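Student: Next input, structure requested:
(one chain, ligands or ions: 1)
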Amino acid sequence: MWTTLSNQPAVLGVTTVIAGLSVIWVFRKIARKHKRNQLRKKWNNAGKDVVVLHQFFRGKYCINLSPYAVKVETFLRLADIKYVVDSEIPFGPKGKCPWITLNGEELGDSELIVQKLTEYFKADLDSHLDTRKKAQLETVRITADEFVFWLVITWRYWLDGCESFLKSQSFPSFLNVTFPLFMKRGIKVKARYQGIGHHTPDEIYGMAKRTCGALADVLGDDPYFGGERPSTADCSVFGQLSQLMWNAPGSQYEALVTEVYPSLGEYCNRMKEKIFPDWNKLLNPPLE
Ligand SMILES: N[C@@H](CCC(=O)N[C@@H](CS)C(=O)NCC(=O)O)C(=O)O
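Tutor: The predicted structure follows:
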């Protein structure tokens, strides 16, 4: 026996605490599963071919803090697909936000969602583009979804410690304190794995500036990346740029689209006005 009589109460105490925490953990898991099942019934009753878009709560200036949620909502509107929003369960089958429920089927990942909706609703936003332009816009989309995203979140959550970002959200006070604590560390680790986290803040800003410059050059004098009409790639670019435009108040990252490359800021406003005439009403709190 490895315990002695003198440390038996301590061992008993630790065992009791572990057992207590395990019971709480199991109950929380069951409660969550039950809640999700209840909500699932509600989502399944949204109506045939009505998309339930699961995403984070709305922000003060931008309709979402997730660029991918803005992307999917933009696509839904451009494709004229009926949808309702759920913000109770923002993380989906792949542990990421956003995700959708369509006719009882759950689907994660913005890109797979857009592909599925394009096929299912026969809603091709790119039918006016030739093969070469489509290919060019696919590389623009990948730049936005897979590179701009990392630049922005590395700065937002780690380098800036959530300071500018929190000004753009209506979080309850306890979250304003706890959110930076876990996000700063979490994103630092992820950014290191991705690779971007090994660069200096100046190098990361330099990359963001060059990428925004390239996007501004691709846009040129056109109103949208798709030319006269927004394309699928516009959903992604708008999703990512919306984070600089509205979720980075007073920062040098916001200035990238308002001062350094103002055509990108004008583009954001153009997309907002065309696709979300009710933008201000969607905000939290709504703007009159
Ligand atoms: N490739 C995914 C990325 C989604 C994603 O990374 N969403 C973020 C919020 S903006 C998220 O859920 N992060 C939580 C995590 O990575 O654990 C998509 O296109 O939907």
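Student: So which bits of the stretch 1-150 of the chain are right by the ligand?
Tutor: 66, 68, 95, 96, 97, 109, 110, 111 (C-beta under 6 Å from any ligand atom). To be clear about C-beta, it is placed using only N, CA and C from the backbone, and glycine gets the same treatment.
Student: Could you confirm the fifth one falls within a helix?
Tutor: No - inclusion of residue 97 in a helix is not indicated when DSSP: H, G, I helix; E, B strand; the rest coil is applied; the result is coil.
Student: That one reaches residue 68, doesn't it?
Tutor: Yes - counting by C-beta atoms under 8 Å, residue 97 does reach residue 68; the two are 7.1 Å apart.
Student: if you count what's nearby, which of these two comes out ahead?
Tutor: It is residue 68, of residue 97 and residue 68, that has more neighbours when counted by other C-beta atoms under 10 Å, with 24 against 21.
Student: what's that one in contact with, if anything?
Tutor: Residue 68 makes contact with 96, 97, 98, 110, 145, 239 under the criterion C-beta atoms under 8 Å, 6 or more residues apart in numbering.
Student: which of those residues count as buried?
Tutor: 97, 98, 110, 145, 239 (16 or more other C-beta atoms under 10 Å).
Student: Just send these back as a markdown table, with pLDDT too.
Tutor: Shown next, in a markdown table, are the buried ones among the contacts of residue 68 (pLDDT from 0 to 100):
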| residue | pLDDT |
| --- | --- |
| 97 | 98 |
| 98 | 98 |
| 110 | 98 |
| 145 | 98 |
| 239 | 99 |
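Student: Looking at those, point me to the pair that's furthest apart.
Tutor: 97 and 145 (14.2 Å; C-beta to C-beta).
Student: nearest spatial neighbour of residue 69, skipping sequence neighbours?
Tutor: Nearest residue to residue 69, sequence neighbours excluded (C-beta to C-beta, 6 or more residues apart in numbering): residue 55, at 3.8 Å.
Student: hang on, that neighbour packs against residue 90?
Tutor: Yes - between residue 55 and residue 90 there is a contact under C-beta under 8 Å: 5.7 Å.
Student: Show me which of the two is the more surrounded one.
Tutor: residue 55 (25 against 18).
Student: residues contacting the more buried one?
Tutor: 64, 66, 69, 72, 73, 85, 86, 87, 90, 97, 98.
Student: Could you measure from the residue of the stretch 101-250 of the chain found nearest the ligand over to residue 134?
Tutor: Residue nearest to the ligand within the stretch 101-250 of the chain (C-beta to the nearest ligand atom): residue 110, separated by 3.5 Å. Residue 110 sits 18 Å away from residue 134, taking C-beta to C-beta, to the nearest Å as the criterion.
Student: Equivalent analysis for residue 43, please.
Tutor: Going from residue 43 to residue 134 by C-beta to C-beta gives 33 Å.
Student: Between these two, point out the one with more neighbours.
Tutor: For residue 43 and residue 134, the more surrounded residue by other C-beta under 10 Å is residue 43, and the numbers stand at 21 against 15.
Student: With residue 235 as the reference, measure out to the residue most central in space within the chain.
Tutor: Residue closest to the average C-alpha location in the chain (C-alpha atoms, centre = their mean): residue 66, at 1.8 Å. Distance, residue 66 to residue 235, using C-beta to C-beta: 13 Å.
Student: ok, now residue 243?
Tutor: Residue 243 is 14 Å from residue 235, by C-beta to C-beta.
Student: what does residue 282 give?
Tutor: 17 Å.
Student: More neighbours: these two, which one.
Tutor: residue 235 (30 against 16).
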